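> below are the sequence and a predicted model; questions follow.
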Amino acid sequence: MRIVDTVQIERALEAFGDRDPRVVAAGNFATPWALLELADKALPAYRLFQLAAQPGIPVREGVRHESPFVGPGMRALSTLDYLPARLSLVPRILATTHCPDIVLLHTAPPRGGKVSLGIEVNVLPAAIEQALSRGGLVIAQINRHMPYTYGDAELPVDAVDLAFEQDCPLPSTTRRNDSGATEAAAQIAQHVAALIRDGSTLQAGIGAVPDAVLAGLTGHRGLRVWSEMISDGVAELAAHRALDASVPITASFLFGSEELYTWADRNPALRMLRTETVNDPGRIAAQPAMTSINTALQVDLYAQANASYAHGRIYSGFGGQTDFVVGALHSPGGQAVIALPAWHAKTAASTIVPQLTAPVTSFQHTAIITDQGCAELLGHDQRGQAIHLIERAAHPAAREELRAAAGRLGLLGTAAL
């Protein structure tokens, strides 16, 4: 790794300007903003590949956007090429159909001949390997505000071609507290917490509902964490001694507050691993009592969940939900839970619907949980599942219409409850 100035970074990038290169950049809150600005200045045309891109990324003529998990920065762009894929399979895409030419990283300062990817590992190790094997370019923005994390986050300095130093605070979420949790999220959390036993392994997605669930587990003991993403709730579980201290906390990226970053910095209890490992359904299934807690935009009477599309347009993507649902279902004592409010306040509509009109993200869950209650699914026939969804999970204002729809669909009648 050579530490250079921004002029030399631009010159190195300009060498790729005649080939419409694919630029893979760290996403989420690890986006290397200064480095991305340099790339956009140096390259007249390129394809930007990011997971969960945040607002502020380059959007102009000549830039094409690619993502298997769409963030707010790319959502609704006409230049977006959405790549449907389980997150566990994205490294395969990077090795075959979408090989990177340039990889832009955001790292902590070097320590002992290594740099750390900090709060986002995800698919970056796979992208780096592919770029280096094909004569591509790997550049890092070194930032002393980036936490130094261990596991696959650590890279030998030789894996980075060029780097420049620019310190800037990392973006973060506004930290939620108990008083800020919505009533619906708090009720959902109570229902989910009742299903989780001491000693279970947890995976929780992004959002107010998963955050509230984790906040409701501080009284548990011996919990483990094997999750694609972790937020402040995991740090709080550790602070309350709810976690098994003998088992590393395993994740692939962090999404949370400044306090979370401080907790993660040089924390030997946290192990940041690459997507191929964390999202491997076989490895997920090997975790004891693996409990996957995800959310969705809608669930239908066939117990299918849509977490990807809103109003007919891509909202996010599969992400790791399908990986963890499958893995959790095959774990001894495992559960795959979809948790969501029964009523969508903004649209004044039920989130339990007769049939999805958007593509399915995941299905065959253990239970669907809303603020109204828990609809147990696994082991019940399709009629029983539909009845549970209507009577135990749907909002009371939607139940009559859902019963009528279930009748039309042949989902009412004798059911094994």
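In hand now; what should we look at?
> can you list the low-confidence ranges for this structure?
Scanning the chain with the threshold set as pLDDT under 70 gives 174-181, 413-417.
> mind giving me the domain ranges of it?
With automatic domain parsing serving as the domain definition, the record reports that the chain contains domains spanning 2-165, 178-408.
> redo the ones you listed as TSV? Include distance to P171 and mean neighbour count.
(Glycine included, C-beta is placed from N, CA and C.) Conversion of those to TSV gives the following (distance: least, Cβ to Cβ, whole Å; neighbours: other Cβ atoms under 10 Å):
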stretch	distance to P171	mean neighbour count
domain 2-165	5	20
domain 178-408	10	20
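> between those domains, which one is closest to S172.
Checking the domains of the chain against S172 by Cβ to Cβ gives domain 178-408 as the closest, at 4.9 Å.
> how far does that closest one sit from the chain's center?
For domain 178-408, the gap between its own C-alpha mean and the chain's C-alpha mean amounts to 12 Å (Cα atoms, centre = their mean, to the nearest Å).
> check stretch 115-130 too.
Taking Cα atoms, centre = their mean, one finds stretch 115-130 lying 15 Å from the centre of the chain it belongs to.
> can you tell me the distance between the two ends of it?
Between the opening and closing residues of stretch 115-130 we find a distance of 19 Å, counting by Cα to Cα, to the nearest Å.
> so Q335 sits against C374, correct?
No. Using Cβ atoms under 8 Å, Q335 is not in contact with C374, being 11.0 Å away.
> which residues are common contacts for the two?
Between them, Q335 and C374 share the neighbouring residues L195, A367, with contact defined by Cβ atoms under 8 Å, 6 or more residues apart in numbering.
> what packs against the longest strand seen in the chain?
If you go by DSSP state E, the chain has its longest strand at strand 102-111. With contacts defined as 3 or more Cβ pairs under 8 Å, 6 or more residues apart in numbering; DSSP states H and E, strand 102-111 has these neighbours: strand 22-25, helix 33-42, strand 114-116, helix 124-133, strand 137-142.
> I'd like these as a markdown table, with distance to A85 appended.
What follows is the helices and strands packed on strand 102-111, written out as a markdown table (distance: least, Cβ to Cβ, whole Å):
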| stretch | distance to A85 |
| --- | --- |
| strand 22-25 | 15 |
| helix 33-42 | 23 |
| strand 114-116 | 27 |
| helix 124-133 | 13 |
| strand 137-142 | 23 |
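> out of these, flag the one nearest F255.
Set against F255 and scored by Cβ to Cβ, the helices and strands packed on strand 102-111 come closest in helix 124-133, at 15.4 Å.
> how about the helices in the stretch 151-300 of the chain?
If DSSP state H, counting those that start in this stretch is used as the criterion, the helices of the stretch 151-300 of the chain fall at 183-193, 208-215, 232-239, 258-264, 275-278, 281-285.
> quickly note the distance from H388 to V213.
Counting by Cβ to Cβ, to the nearest Å, the gap from H388 to V213 is 20 Å.
> sorry, that was for A345
Plainly put, A345 is 19 Å away from V213 if you go by Cβ to Cβ.
> and the strands in the stretch 151-300 of the chain, which stretches?
With DSSP state E, counting those that start in this stretch as the criterion, the stretch 151-300 of the chain has strands at 154-156, 162-165, 201-204, 224-225, 229-230, 249-251, 253-254, 270-272, 290-294, 298-300.
> Throw the ones you listed into TSV and include distance to L94, thanks.
Rendered in TSV, the data for the strands of the stretch 151-300 of the chain read as follows (distance: least, Cβ to Cβ, whole Å):
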stretch	distance to L94
strand 154-156	16
strand 162-165	21
strand 201-204	23
strand 224-225	26
strand 229-230	20
strand 249-251	20
strand 253-254	16
strand 270-272	19
strand 290-294	24
strand 298-300	31
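> any chance of the helices of the stretch 151-300 of the chain in a markdown table, plus distance to R22?
Supplementary listing: the helices of the stretch 151-300 of the chain in a markdown table, determined by distance: least, Cβ to Cβ, whole Å:
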| stretch | distance to R22 |
| --- | --- |
| helix 183-193 | 39 |
| helix 208-215 | 32 |
| helix 232-239 | 33 |
| helix 258-264 | 29 |
| helix 275-278 | 18 |
| helix 281-285 | 28 |
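> done for today, thanks.
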